[in-house]
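Colleague: Need the 3D shape of this:
(2 chains)
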Amino acid sequence: MYVRIARKVELHPEVIEGGVQALAYLFFEASKMKVRGNDFRESLLVLAFPDDLNDLLLHVYMSIRRDVRQLLSEMNYDLPHYKDLSWRLDVQVASRMSRGEANPIFLLNIKTQEGPNEVVQTLQTDYTNLKNVTDKLQEALDQVKQPYVRRIARNI
Amino acid sequence: MELSSNLLRGLQLLGSDNLSDLEYEFLVGAAFRIVTKQMDADRLDDSEPLAELSQIIVKQAHTTILSIISLCVRANNDPRELENIFEENGFSQDRISKFVEYYIEYLQPLKTIISSTGFHFPHITDVEWRMDLLLKSDSLEKENTPLFFIKFKVMEYGIPTYKEFTATLSQMQDLVNILQDATSALERLDLFI
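Modeller: So this is what the prediction gives:
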C-alpha cells in the first residue's frame, strides 16, 4: 500500500510509512489524553505547518477521537462485563415431591462477556429475591446522582 | 389412597403387639426427627428403648413410618386422611393420636424440606454491588466514568456460589430496567404477593 501511494506522489515509500506512523502516533496520544481542540492546535504550532494543514489535522482528530478512545478502552484488560439479560416468568404447579402448590419462578438468562467468550448462564429466582435484587441495584444506580459523587467526578 | 403391599405389611407390624406402645412412640418420634435433620439416622441402631427389638423389625417399622410421612406430606393430606389410613389397618386409638400429634407438629418443616427437594436452576438469593469511578488506565487517560461491580449470590443445592461481573453506567441502567420489567410483570398479575 505504501509503495502504491509513494509511486503516485513520487516519494520514497519509507517516507510515506514514516509519515503515516507519525500521524497515527499523534492522533492516538491525543485521543488517549483526551486533548481539547485548542490544545491540540497549539501543540501543532511547534511543527510550523501551514494553517490550513493544522485545520485539517484538527478536523480529522475531532472526528476520530471518540472511535479511537473506544478502541483503546477495548485494548485494556477486560473484566467480565454485562451484555444482556432475558427473563421469563413460569408457575411451577407440581413436581415429583410436591403436588397442588403453585410457585411463581423467574428464569433469568444472563449474558456476560468474559474476555473473548460470551458466557450465557441460566439462573432462577422467586419474586421476593428478585424485588430485593432490583431494589438494591436501583439504589446503586441512584448513587451516581448523589452530590458527593458528583463533587468528586467534577473535581478530578 | 392406594398403598403398596409392602407398606400394608409394614403397617400391620406397626399396629401390632410385636411393638410395645413405648417402642412405637419412640420409633415415630425418631422418624420425624430424622427426616427434619434433628437426629442422626445412625442413632436409631443403638437406642436404648429399642434394645429389645431385632434390627429387621426396627428397619421395617422405620421405613414404613417414613413412607407414610412422605406420601401424606407430598399429597398435602390433612390429619383426617392420616387417621383413616391407620384405622383401616387396625391401629389403636392411642397410637393413631400419637402419630397425628407428631404429624401436625412437624408438618411445616416437612413441607419446607419437600419443596426444596427437586431439581432447579441455581437460585439467586442476594446481590452485592460496588461503584467505582474509573480514572485512567495504561491505554486511556481521563476516563472519569462510573464502573459498577455486581455480584449475585447463587445457591446451587445448598452450596453458595457467586456470579460476578462489571457494568458501565448505561449497561447498569439497561439491567435495572429489565429487572424492573420482570418484577412488575408479576405485580400486574396480582398473584401470591
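Colleague: CA only for contacts and neighbour counts going forward, please
Modeller: OK.
Colleague: what sits against B:Phe32?
Modeller: For B:Phe32, the contact set (C-alpha atoms under 8 Å, 6 or more residues apart in numbering or on different chains) comprises B:Leu66, B:Tyr102, B:Tyr103, B:Tyr106.
Colleague: Of these, which belong to strands?
Modeller: Taking DSSP state E as the definition of strands, the contacts of B:Phe32 contribute nothing to them.
Colleague: so which of those comes closest to A:Arg41?
Modeller: Nearest to A:Arg41 out of those is B:Tyr106 (C-alpha to C-alpha; 80.7 Å).
Colleague: Report the central residue of chain B.
Modeller: B:Ile113 (1.1 Å; C-alpha atoms, centre = their mean).
Colleague: Make sure it is indeed in a helix.
Modeller: Yes. Applying DSSP: H, G, I helix; E, B strand; the rest coil, one finds B:Ile113 inside a helix.
Colleague: dump the residue contacts of it.
Modeller: Going by C-alpha under 8 Å, 6+ apart, B:Ile113 touches B:Thr36.
Colleague: same deal with B:Glu101?
Modeller: Under the criterion of C-alpha under 8 Å, 6+ apart, B:Glu101 has no neighbours.
Colleague: same question, A:Lys131
Modeller: If a contact means C-alpha under 8 Å, 6+ apart, then A:Lys131 has B:Thr183 as its contacts.
Colleague: Could I get the average pLDDT for the host helix or strand of it?
Modeller: According to DSSP states H and E, A:Lys131 maps onto helix A:127-142. Helix A:127-142 shows a mean pLDDT of 93.
Colleague: Show me which positions of the next helix or strand after that helix end up buried.
Modeller: Scanning forward in sequence from helix A:127-142 by DSSP H and E, the next helix or strand is helix A:147-155. Across helix A:147-155, burial judged by 16 or more other C-alpha atoms under 10 Å in any protein chain shown covers A:Ala153.
Colleague: For helix A:147-155, which outside residues touch it?
Modeller: So helix A:147-155 is contacted by A:Gln143, A:Val144, B:Leu133, B:Asn144 (C-alpha under 8 Å, 6+ apart).
Colleague: Tell me the bridge partners for the residue lying closest to B:Met131 once chain neighbours are set aside.
Modeller: In space, B:Met131 comes closest to B:Phe148 once its chain neighbours are excluded; the distance is 4.5 Å by C-alpha to C-alpha, 6 or more residues apart in numbering or on different chains. B:Phe148 has these beta-bridge partners by DSSP bridges: B:Met131, B:Ala167.
Colleague: Can you tell me how far B:Phe148 is from B:Ala31?
Modeller: Applying C-alpha to C-alpha, to the nearest Å, the value for B:Phe148 to B:Ala31 is 50 Å.
Colleague: likewise A:Asp39?
Modeller: Counting by C-alpha to C-alpha - A:Asp39 and B:Ala31 are separated by 82 Å.
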